[in-house]
Structures are given as structure tokens and as C-alpha cells.
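1. Let me see the structure of the following:
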Amino acid sequence: MKKTLSLWNFFTIGFGAIIGTGWVLQVGDWMVTGGGPIAAMMAFGIGALFLVLGNGILCPWEAIAISTLVSQMFGDLFPVLRAVKLYSILGADVYLFPTIIALGFAFYVIWLNFKGASSAAKLQAFLTKALLAGMLLAMGISFFKGGPANILPSFQQVQSSTTQTAGTNMFAGIVSVLVMTPFFYAGFDTIPQQAEEAAEGLDWNKFGKIISLA
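-> Residues are numbered from 1 along each chain as shown. Prediction:
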């Protein structure tokens, strides 16, 4: 194995795997499903203790997530993406062309891993920079549009175009979000897995700090 990964590579791989686009797309649904931000935050706090639950089905779930992302973001612009419906599961429609795109991404990631970790790290570095820029923009906007009042009420049943609050109380809201948290925390194991391909002379005293920062 080539010893080429730097501290920045470890950060971008871990950050991209942990955060990804799922957090951006689902943050509103978490609060709707849980009945408010408090239930969602508590669910993720508890979910951090059960990371092992998401490891077994992480790869298939990511492929489905990419398919859903393509359908939701580009389905209205390109109707052909929703032209061939394969099936529906739990109220969600699965279409042929987004599924093919998702499988293409999956095979591309497999190919990158065969090429070596440095190739995947370069792609992840580019995507992480774009994601960080978007997050900084969103945080800047929140300073003007957000406020502490948004955390209240502590629980409320609401409904959006894609989901609704499942429970009738705070506890049920926490559980509803809790079942999703393992999938979003599963990326934390990517940095230790890539440690064997670290570049020669890497400062291991900073390694734990990079993991924490990611």
C-alpha cells in the first residue's frame, strides 16, 4: 500500500463520509419527524452510542440515498429521470434511471479504491471544499435569519411535503429520529481504516485532533 495520505486527506475523507449530502437534505425532516429540534438533537446524541448498527447495510443505503438525491434535485428539470418506475417501498418511489446513476457512482467508488486511497482522497478533497463553502454560506445566512426562538416549541406535530411527525409526544419523536442516526454516524470509522496508508513521517500526535475536528 502506498503511504501517501496527509492530515488534510484524513480530514476530508472523514468529514465527507460523516457529513455528506444527507445531513443537508434531511435536517428539516429530522425536526418534522421528531416534532422539533430538541427531539432531533437528543436522538442524535443517543444514536452516537449505536454506530455499529449502521455498518452492515451502509453501502446499499448510500446507493439508495444517491438515487433519491438525483430524483429529488433533478426530477422536475429532467422528467425522464422519473419515466420508469420500478417499485414503491414505505411510500417512496424507486425509479430506473436514478438507480442506474447510483450504481454507477458505487462502481466508480470501487474503482477508486482499486486505484489506491490517494485517488479517492483527491476527489474527496474537492467535494469537501465545496461542502465547507456551502456550510459557511448557510451559517452566514443563519446569523441574519435564525434565532433562539426557532428551538421552540419543544414538541409539535407538523407535516411537510415528504414526511410528518410520527409520534404524539417528545419520547416518540426522539425514537423516530433515533432509528436514522446510525446511518449518519457510520462515517466516523473511515479515518482509522485508512491509517495504514498514511504518508511517511505523519505527525501522529495530531492524528487524534484531526479525527475530532472531522
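2. Tell me how far D93 lies from G34.
-> Distance of D93 to G34, computed by Cβ to Cβ, to the nearest Å: 24 Å. C-beta here means a position set from N, CA and C on the backbone, and glycine is covered the same way.
3. what does A102 give?
-> Where G34 is concerned, A102 sits at a distance of 27 Å (Cβ to Cβ).
4. which of these two has more neighbours?
-> G34 (29 against 20; other Cβ atoms under 10 Å).
5. Would you confirm that that one contacts V177?
-> Yes: between G34 and V177 there is a contact at 4.4 Å, judged by Cβ atoms under 8 Å.
6. Now the common contact residues for the two.
-> Residues touching both G34 and V177 (Cβ atoms under 8 Å, 6 or more residues apart in numbering) are 40, 43.
7. Secondary structure class of L77, three-state.
-> Following DSSP: H, G, I helix; E, B strand; the rest coil, L77 is assigned to coil.
8. Local confidence estimate at it?
-> Looking at L77, its pLDDT is 82.
9. In this protein, which helix is the longest?
-> helix 117-145 (DSSP state H).
10. From the contact counts, what lies against the following helix or strand past that helix?
-> On the C-terminal side of helix 117-145, the nearest following helix or strand under DSSP states H and E is helix 170-178. Under the contact definition 3 or more Cβ pairs under 8 Å, 6 or more residues apart in numbering; DSSP states H and E, helix 170-178 sits against helix 22-34, helix 37-47.
11. Including distance to F184, could those go into a markdown table?
-> Listed next are the helices and strands packed on helix 170-178 as a markdown table, based on distance: least, Cβ to Cβ, whole Å:
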| stretch | distance to F184 |
| --- | --- |
| helix 22-34 | 6 |
| helix 37-47 | 8 |
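12. least reliable of those helices going by mean pLDDT?
-> Of all these, mean pLDDT reaches its minimum on helix 22-34 (a mean of 80).
13. in it, what's buried?
-> By neighbour count with 16 or more other Cβ atoms under 10 Å, helix 22-34 contains the buried residues 22, 26, 29-34.
14. And the contacts of it?
-> By Cβ under 8 Å, 6+ apart, helix 22-34 touches 37, 39-40, 43-44, 65, 69, 72, 134, 158-160, 162-167, 173-174, 176-177, 180, 183-184.
15. Would you mind checking these for buried ones?
-> Of the contacts of helix 22-34, these count as buried by 16+ other Cβ under 10 Å: 39-40, 43-44, 65, 69, 163, 165-167, 173-174, 176-177, 180, 183-184.
16. circling back to that earlier point, quick one, which of the helices and strands packed on helix 170-178 gets closest to N113.
-> helix 22-34 (20.8 Å; Cβ to Cβ).
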